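In: I need the structure of the sequence given here:
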Amino acid sequence: MTDTRDTKITLYWLEKSRAQRIVWLLEELNVPYEIKTFKRKADMTAPDELKKIHPLGKSPVVTITTPNSPEPLVLAESAVIIEYLCTHFGGERLIPQRYAEGKEGQVGGETEAWMRYQYFMHYTEGSLAPFLVMKVVMDGVRNAPVPFFIKPVTRMIASKVDGAFINPNIHTHLGFLEDRLKTAPGGGPYLCGDKITAADIQLSYSVIAALSRLASLRSQYPGVAAYADRLQAIESYKRGVAQIERIEGTFTASL
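Out: Below you'll find the model as predicted:
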């Protein structure tokens, strides 16, 4: 574990973004950190100032400065940030045991919990999040400030894309998560077993925000809804929310 006494961790947090999962992780790891918050522009894109931190101008981004580093280490992409912080700041307990006893180093010798952990660390952004982003985009098309005689057209297009493509895929993913939670090792109640892992932290924002925006999904996927509620009841999650509320005055997980 890295000595954090002379290490400065800064999280660049953008409203309505996945950066909140990193706040939660830092609270769970109980390491000192600083938050710099940013507001979205009127068109809901990130402000240009974020490009001074990372060329893509996205959030979350984390910088880490140590006495031995001439320049801050810049980390982007949630999974990269989470795995790096877990590796260096005492997050081993958030990663399941890799190999089953007696199968160390063998192909196929990994535990189910570890395989799930690996999968869900990448599933969240690679499979689930794109459809949630598309949902937001189509809502923007549906409610675009266009002349009244064009509005029926934009609404029709958005509704057709939602109905034929986006909504079915969101239901497929939530049904998949419902099943994964039911079949978690040891009966769960988390994705990889009876203890929270970094994969739960990675998935948290997308699931919580989706259920907040699309409230009708809660009754259709009660296992996912209970899981989201369970995550939000964890003390380190609540401390992370409180951090943002102290800075911004309010916090809502939203797409």
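
In: what are the buried residues along the longest strand belonging to the chain?
Out: Longest strand of the chain, by residue count under DSSP state E: strand 8-14. Neighbour counts over strand 8-14 (16 or more other C-beta atoms under 10 Å) mark 9-14 as buried. In this view, the C-beta of every residue, glycine as well, is placed from N, C-alpha and C.

In: okay if I get the residues you listed as TSV plus pLDDT and distance to Asp200?
Out: What follows is the buried residues of strand 8-14, written out as TSV (pLDDT from 0 to 100; distance: C-beta to C-beta, whole Å):
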residue	pLDDT	distance to Asp200
Ile9	98	21
Thr10	98	24
Leu11	98	19
Tyr12	97	23
Trp13	94	20
Leu14	92	22
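
In: for these, which one is nearest Arg246?
Out: Distance to Arg246, by C-beta to C-beta, is smallest for Trp13 among the buried residues of strand 8-14, at 12.4 Å.

In: for Ile244, see how far away that closest one is.
Out: 7 Å (C-beta to C-beta, to the nearest Å).

In: cool, and Ala210?
Out: Taking C-beta to C-beta, one finds Ala210 at 19 Å from Ile244.

In: who's more crowded, the two?
Out: Ala210 (25 against 19; other C-beta atoms under 10 Å).

In: can you give me the mean pLDDT across stretch 171-189?
Out: Here stretch 171-189 scores 98 as its mean pLDDT.

In: buried residues, it. List them.
Out: Counting neighbours by 16+ other C-beta under 10 Å, stretch 171-189 gives 173-174, 177-178, 180-181, 184-185, 188-189 as buried.

In: not counting its own residues, what contacts that stretch?
Out: By C-beta atoms under 8 Å, 6 or more residues apart in numbering, the surrounding residues in contact with stretch 171-189 are 111-113, 116, 127-128, 131, 190-194, 207, 210, 217, 220-221, 223-224, 226-227, 230.

In: do that again at 10 Å, thanks
Out: Stretch 171-189 is contacted from outside by 96, 111-116, 119-120, 123, 127-129, 131-132, 190-196, 200, 203, 206-207, 210-211, 214, 217, 220-228, 230, using C-beta atoms under 10 Å, 6 or more residues apart in numbering.

In: Ile81 reaches Leu75, doesn't it?
Out: Yes - counting by C-beta atoms under 10 Å, Leu75 is a contact partner of Ile81 at 4.7 Å.

In: quick check: neighbours shared by the two?
Out: In contact with both Ile81 and Leu75: 11, 22, 60-62, 64, using C-beta under 10 Å, 6+ apart.

In: narrow these to those in helices?
Out: If you go by DSSP state H, the shared contacts of Ile81 and Leu75 have Ile22 in helices.

In: now render the shared contacts of Ile81 and Leu75 as TSV, adding distance to Asp43.
Out: Compiled in TSV, the shared contacts of Ile81 and Leu75 are given as follows (distance: C-beta to C-beta, whole Å):
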residue	distance to Asp43
Leu11	24
Ile22	24
Pro60	20
Val61	20
Val62	26
Ile64	31
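
In: strands of the protein, start to end?
Out: Going by DSSP E, the chain shows strands at 8-14, 34-38, 61-65, 73-76.
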